[in-house]
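Asks: got a predicted model here, sequence first, then my questions.
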Amino acid sequence: MAMSVVDRVSYIQQIWALRYFWFSLVRLDLDTRYRHSFFGIGWSLLRPMAMTAVFCVVFGKLFNLSLAEYAPHLIVGMTVWQFFTESLVVGCNTFTAGAAYIRQQQIPLAIFPLRTALATAFHSLIALGMAIGVSWFFKGSLDPVAMLSLIPAIVILFLLSWCLAIVSGFAFTHFPDTSHLLEIGLQVLFYATPILYPANSFASSRGHVTFVLEWNPLTSIIALVRVPIVEGTLPSMQQFGMSLAFLGVVATIALVLLRKLERNLVFWV
């Protein structure tokens, strides 16, 4: 039976009523992650910076791009990719990590993937700020109108992160090998997504590579963030449309899983 509009509103109200609970869970995750760490939150900056530096050295000359062109392109792509992968990989344990709370009382299970999405968003926003700084350093200025389009882009990314954590969380509780399969799948997807290389690198060739890039939803999702920062223009309606369509598909799957499996998940964690 499909969830009615009233049921959905009530469900969201329950989540909001428990906001202090999931805020405390997010704070606990951040405190635990950086406790006894010398660099602390700086690790959110060091990882994309280190990866960008390595890839710039290795692939910059391969694609015949200057550092000023390639570094902003790469670091923005790495930032969005990190947000996407952490939502899936960390999301695998989102319900098992909250098993103690799930067993004690009946609460909306979407709270636990929300916890994952918020913690992941915190790190990714820090990395995005650094990516904007790198782009400003090399470009000298950023278009303020184009930068405003980052607001809906970030909203789309956050909702996608939440839904992906729901899907991977349910999958992991029923099939623990999900995390291992994700590692393999994400490695393949990384090279099938224009992160290391510009999306138009294969424009002159018409084949399977071009087809994959055009229909890979992550191409459009990354463009929502990369185009305003790197190119100084607004993303196209096609890029927004494909991103929203992908979000709609993932959100539908997440809602169906919540509706079908929420009451029985306590027996799986």
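Replies: That came through, no problem.
Asks: can you list the low-confidence ranges for the protein?
Replies: For the chain, residues meeting the criterion pLDDT under 70 lie at 1-6, 36-44, 201-209.
Asks: where do the helices sit along it?
Replies: Using DSSP state H, the helices found in the chain span residues 5-17, 19-34, 43-59, 67-91, 94-97, 99-104, 111-139, 144-148, 150-174, 178-191, 208-215, 217-226, 237-261.
Asks: ok, which of those comes nearest residue 269?
Replies: Closest to residue 269 of the helices of the chain, according to C-beta to C-beta: helix 99-104, at 4.0 Å. From N, CA and C alone the C-beta is placed, and that goes for glycine too.
Asks: tell me which residues of that closest one are tucked away?
Replies: 99, 101-102 (16 or more other C-beta atoms under 10 Å).
Asks: also stretch 212-223?
Replies: For stretch 212-223, by 16+ other C-beta under 10 Å, it's 213, 216-223.
Asks: redo those as a markdown table? Include distance to residue 16.
Replies: Formatted as a markdown table, the buried residues of stretch 212-223 follow (distance: C-beta to C-beta, whole Å):
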| residue | distance to residue 16 |
| --- | --- |
| 213 | 39 |
| 216 | 35 |
| 217 | 29 |
| 218 | 30 |
| 219 | 34 |
| 220 | 30 |
| 221 | 27 |
| 222 | 31 |
| 223 | 32 |
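Asks: show me which of those residues is closest to residue 25.
Replies: residue 221 (26.5 Å).
Asks: residue 22 touches residue 114, doesn't it?
Replies: Yes: using C-beta atoms under 8 Å, residue 22 is in contact with residue 114, at 5.9 Å.
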